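Asker: Kindly return the folded structure for what I paste below:
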Amino acid sequence: MGGRGARSARVRIPKINNPVGIPSNAITEDEFLGLRGVRDVSSGWVIDKLRGNRQLKTERGEKRFIKEAEMAEKTYQEKRNKAKQEYKKLVAEGKIRDKTPVEKRLVKAHGHPDLEATHASRRMLAKMGIDWKTGKKLKK
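Answerer: Next up is the predicted model:
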């Protein structure tokens, strides 16, 4: 059994760079979906194809375009749902875990310094008594 054609069900666990020593197995579902290329709610296929599309000038071409758009969206949603199920399975197996609220704030605090979200995360961490640069408790 398990002949030449059988494959082992090895799942590749993604690793992302995290600031201040957050474990590499801590990953949010959104980050996981982004690594799989399905972060957005919709594929965006139609947006890419609309500009200058000559098919839309005829009724027959419009029907074909709509059919292609529906197929592209269906394929994307299947891929997205598969990635979501994979994330839930890896969490259930304990191979990866979701980030804690503090870890999420630490990641945001290391964002671009011009963004308001970065400054807000830094203020929230300071109120919690955590140094955003190191992730450790502030000394009083």
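Asker: Please, where are all the helices along the protein?
Answerer: Shown for the chain, the helices assigned by DSSP state H span residues 29-35, 45-50, 59-93, 101-109, 116-127.
Asker: other SSEs contacting the second one?
Answerer: Helix 45-50 makes packing contacts with helix 59-93 when contacts are defined by 3 or more CB pairs under 8 Å, 6 or more residues apart in numbering; DSSP states H and E. Heads up, the C-betas are built off the backbone N, CA and C, glycines and all.
Asker: quick revisit: and among the helices of the chain, the most buried is which?
Answerer: helix 101-109 (a mean of 19; mean count of other CB atoms under 10 Å).
Asker: Distance from stretch 124-140 to the middle of the chain?
Answerer: Counting by CA atoms, centre = their mean, to the nearest Å, stretch 124-140 is centred 27 Å from the centre of its parent chain.
Asker: got it, and stretch 76-84?
Answerer: 12 Å.
Asker: Over to stretch 20-34?
Answerer: Relative to the chain's own centre, stretch 20-34 is displaced by 9 Å; criterion: CA atoms, centre = their mean.
Asker: Same check on stretch 100-114?
Answerer: So, by CA atoms, centre = their mean, the centroid of stretch 100-114 is 16 Å from its chain's centroid.
Asker: same check, this time on stretch 92-108
Answerer: For stretch 92-108, the distance to the chain centre is 13 Å (CA atoms, centre = their mean).
Asker: just stretch 97-116 next, same as before
Answerer: 15 Å.
Asker: re the thing from before, lowest mean pLDDT across the helices of the chain, which one is that?
Answerer: Comparing mean pLDDT across the helices of the chain, the weakest is helix 45-50, with a mean of 74.
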